[in-house]
Every structure is written in C-alpha cells, then in structure tokens.
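Enquirer: Sharing a model that was predicted from the sequence below.
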2 protein chains.
Amino acid sequence: MESETAPRLRGFHEDFRWDGTSVLPYKEEGSAPFKAISRQLLFADPHLGCELRYFEMDAGGYSTLERHGHMHAVMIFRGRGHCLLGEEVREVRPYDLITIPPWTWHQFRATREAPLGFLCMVNAERDKPQLPTDAELRALGANPRIAAFLAGSHTA
Amino acid sequence: MESETAPRLRGFHEDFRWDGTSVLPYKEEGSAPFKAISRQLLFADPHLGCELRYFEMDAGGYSTLERHGHMHAVMIFRGRGHCLLGEEVREVRPYDLITIPPWTWHQFRATREAPLGFLCMVNAERDKPQLPTDAELRALGANPRIAAFLAGSHTA
C-alpha cells in the first residue's frame, strides 16, 4: 500500500501564507452573505477523512451565518473577534478551541481593529450549509446580545 | 439529526494547555523509544473522521521513529526542532505544514535549547505504527545526515 502522496514541508510566512498553498475565495460571490474573508486549504488528501482549512477575515469582516449536518472543529489562529455559537456570543482569542456540533448556528466576526484567522477541521465528505430563514433570523435576534452581534454592533 | 455534542469553547493558556483538555502520556511507557513528550487530544468526536492532537517535547525530547499505513497532517506549533521525513532531515518552525504520507519513516526532535510542539491531524480509524527493524535502522543510518539525526547529534 504505497502512497502517491509525497512527503512535503511547506514553510509558514509571517503574512499567514504557506508555501505551495493558494489563497482562495471563501465562497462563490453572491451565494451567501459574508465580508472580507479568504480561505486556504492546508490539508486535503484522499488518505484523510478530514480537511484542515485556514480562514481569515480582515478587521470588520465576517463569515456566513449558517448551520449544517457536519461538525466543525475550530482553533482560533490570529487576531481578535467573536463567534456566535448556538445561543451564545463568545469572545475568541488565539488558540482557543471551538466545537460546533451538527445543526448549530454559527458565525465568526473579526473586531473592527484586528483581523481574525482560524483553523477549521471538517469531514472531507459533508453536506451543504443552510442559511437562516427570515423567521429563524428573527428568533435568533430575540436575544439582544445575538441581535447586536448580527448587526455588528456588539463591540461598539 | 440532532447532535448530543454540546457547543463548546475551550480557552488557551500560555503554558500550551487548554481548558477541559488533559495532558496525556504520549504512549504506553516501554512500548517504543521516545523521550519527554506529551499528548493532548484537542478534538475527537464520533461526528469527525479525524482527530486533532497536540504533541509537545521538552528540549532534547523526541517522538518515536515509526511508520504506518495512515497519513499524518502536521502543523508545527511552538519551539524549534527537526523532523525525519522519509529520506530527509528538515528543520521545522512554527507554523510549518508537514505531510507524512503512508509508510513514510518519520520522527520529530526538539532542539537541545527549546521545546517542540506540533498539531497532528490523523484519521480516527487507523493502523498501529511499525518500528524499524535493525536492518531498516542500518539502511536509514547509511545516510550520514539521518545517522546524525537518529543519534541526536544533528544540531551539535
């Protein structure tokens, strides 16, 4: 059972780029709401059940508010920000660990002053994210702390 | 399809420990050669095809020289050291990425001056490592750079 994958070392650069690793769009533009966020696929291989990705938002950027049947295993990697994690808004710092179980609403937001980068381990085979309906958004926003987070005014 | 896993944030501490995460023995003592290395299981869940572990060696410590049918996806996380990666000895630094394909001999060694910590993503279901036979060790050691690495004299 020899592998066709070669041993490989990819160096890290201070601007949070890695040798041989491309900076990709987060998602297809217009497919969902997000702002100023990029994606790098650090590890993806047929031998691995998961992928490891690095997402980075500029100051003021945010990921999509979504949920799905697959789980996320996240490690904050740089900067400062907050995440919506089910019913809670939490401040996050490097190298906090965040477990996002299946069907949990979640979103990451950088502060207005600093970028926010995180590693995310996820199953290679996974379902597509769901966006909230208007009714689900209203239900989430009934919590004032979540409403402020969704409006981006939680750090004001 | 509701999950029994709860959303969870585990804070990072400056001594490279995380809330709610235990520091475990690297392996059973006496089962294989290693020195001054610990293990923390950062993510392991029935919903995930992989685990994410954090291994840390004290200065002068090393992991086991071994190979196996499963793949390792490694990110160096703290300190300084070297790794044997198949036929090569490479210096490693935080946040370098290392791909260790199936059946590739590998070992990590901290320098004598600094610890070495790394993240390792690995399939949850995997085979047991193989140790080198005496003949395999001799074959590896025919390369002077690998011989020095195996003797721990590569940084002298």
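Expert: It's in. Numbering: from 1, shown residues only, chains lettered A, B, ... in the order given.

Enquirer: Touching, A:S38 and A:V23? I think so.
Expert: Yes - contact criterion CB atoms under 8 Å: A:S38 and A:V23 qualify, at 5.1 Å. Where C-beta positions appear, they are placed from N, C-alpha and C, glycine not excepted.

Enquirer: Which of those two has more residues huddled nearby?
Expert: Per other CB atoms under 10 Å in any protein chain shown, whichever of A:S38 and A:V23 has more neighbours is A:S38, with 17 against 14.

Enquirer: And the pLDDT for the more buried one?
Expert: pLDDT recorded at A:S38 is 96.

Enquirer: For beta bridges, what are the partners of it?
Expert: Using DSSP bridges, the bridge partners assigned to A:S38 are A:P25, A:E56.

Enquirer: Let me see the contact set for it.
Expert: Going by CB atoms under 8 Å, 6 or more residues apart in numbering or on different chains, A:S38 touches A:V23, A:L24, A:P25, A:Y26, A:F55, A:E56.

Enquirer: Going by distance to chain B, which of those residues wins?
Expert: Using CB to the nearest CB, A:E56 is the member of those that lies nearest chain B, at 13.0 Å.

Enquirer: and that closest one, what does it touch?
Expert: A:F16, A:I37, A:S38, A:Q40, A:R78, A:P115, A:L116, A:G117, A:F118.

Enquirer: go with 10 Å
Expert: Neighbouring residues of A:E56 by CB atoms under 10 Å, 6 or more residues apart in numbering or on different chains: A:16-17, A:23, A:26, A:36-40, A:77-79, A:110, A:115-118.

Enquirer: Tell me the buried residues within those residues.
Expert: Burial by neighbour count, judged by 16 or more other CB atoms under 10 Å in any protein chain shown, picks out A:16, A:26, A:37-40, A:77-79, A:110, A:115-118 from the contacts of A:E56.

Enquirer: re earlier: could you name every residue contacting both of A:S38 and A:V23?
Expert: A:F16, A:Y54, A:E56.

Enquirer: Are we agreed that A:A139 is in a helix?
Expert: Yes - looking at A:A139 with DSSP: H, G, I helix; E, B strand; the rest coil, it is inside a helix.
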